[in-house]
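Asker: dropping a prediction and its sequence here:
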Amino acid sequence: MLVFRLRGEMTTPRALSYLGAQILGGILGAVVVHAMFDLPLLAAGTTARSGTGLWLGEVVATFGFLFTILGALAVRSAQLPALVGTYVMAGYWFTASTGFANPAVTLARSLSQTPPGLRPVDAPGFILAELAGAVLALVAARALLRVRRAARRASGQRGDPKNRGVVVGYRNQVMTHRRVVIDAVTATQLHRFVKLAEEPRDPGQDVKELLAVVANPAVKFIKAARRMRAREGSIRLLVSAVAGNSCS
């Protein structure tokens, strides 16, 4: 919530409500797990977790966790759930702190005497490390995404504007031609269907006419599609030529 609040994507009341919901959810989760294993529902943790190495591990875990989220939102938002789940699973193993990466998780685990827990006295150090990792992730994401946006702008402005205008105009002409061909084929087909319905004919002749109505526009459309593919191939050649001239 802190990162999204600093990014201006979340109001302070909403961020506080999310924080309260996470803390409450973590505590309820600890209670449920303890109940399943016939343990005291809430008890102060007894596992010692303190020291520079563990704090550094928590900075790394939080940094990677939030950087994964921010990067996925900017590049591949559809893959966000899979990326976050994979990172959380990996972070448990490659960090010395086992990857708490969330103050709400830290508070919840301080209420458990199981091995994943920690002493309440060690919780503030973990929370400070998590806040530091969050700020570092925000700074790094902003810097890298700014470089990415600048590179995309530079690639979009490469080449002569006049040449780009010619290419865009030619492509628009091809698209217009495609729409005209489709409209013409559709109109011809409808006209022949109406004519066939109005004029009484022999049943055998009706079948032949019906086949002709269906087949002829299809053949015309296939020929037109081939011509348009040839034109689009010439567009790609033109784009390559423009790009080559601009690079040279």
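Answerer: Received the coordinates, thanks.

Asker: CA only for contacts and neighbour counts going forward, please
Answerer: Noted.

Asker: for the protein, which segments count as helices?
Answerer: 2-6, 12-36, 52-75, 80-94, 103-109, 123-156, 161-198, 203-247 (DSSP state H).

Asker: any idea how far Ala43 lies from Leu24?
Answerer: 16 Å (C-alpha to C-alpha, to the nearest Å).

Asker: revised request: answer the last question for Ala108.
Answerer: 9 Å.

Asker: please apply the same query to Leu70.
Answerer: In terms of C-alpha to C-alpha, Leu70 sits 25 Å off from Leu24.

Asker: and if you look at Ala35?
Answerer: As for Ala35, its distance to Leu24 is 17 Å (criterion: C-alpha to C-alpha).

Asker: likewise Ala15?
Answerer: 14 Å.

Asker: one more: Phe126?
Answerer: Computed as C-alpha to C-alpha, the Phe126 to Leu24 distance reads 19 Å.

Asker: so which of those two has more stuff around it?
Answerer: Phe126 (28 against 15; other C-alpha atoms under 10 Å).

Asker: do I have it right that the more buried one meets Glu58?
Answerer: Yes. Look at Phe126 against Glu58 with C-alpha atoms under 8 Å: they come within range, at 6.6 Å.

Asker: give me the common contacts of those two.
Answerer: Listed contacts common to Phe126 and Glu58 are nil; contacts here mean C-alpha atoms under 8 Å, 6 or more residues apart in numbering.

Asker: low pLDDT regions in the chain?
Answerer: 155-248 (pLDDT under 70).

Asker: let's go with 50 and repeat that
Answerer: Applying pLDDT under 50 to the chain flags residues 158-164, 166-167, 242, 246-248.

Asker: surely Pro103 meets Glu130?
Answerer: Yes. Using C-alpha under 8 Å, Pro103 makes contact with Glu130 at a distance of 7.0 Å.

Asker: look at those two and report which has more neighbours.
Answerer: Remark: of Pro103 and Glu130, Glu130 carries more neighbours, 27 against 21, as counted by other C-alpha under 10 Å.

Asker: could you measure from the more buried one over to Ala43?
Answerer: 23 Å.

Asker: cool, Ala137 as well?
Answerer: 33 Å.

Asker: these two: which has the busier surroundings?
Answerer: Neighbours were tallied for Ala137 and for Ala43 using other C-alpha under 10 Å; the higher tally belongs to Ala137 (25 against 16).

Asker: surely the more buried one touches Leu66?
Answerer: Yes. Judged on C-alpha under 8 Å, Ala137 makes contact with Leu66 at a distance of 6.1 Å.

Asker: just give the nearest non-adjacent residue to Ala134, would you?
Answerer: Leaving aside its sequence neighbours, Ala134 sits nearest to Phe63 (C-alpha to C-alpha, 6 or more residues apart in numbering; 5.6 Å).
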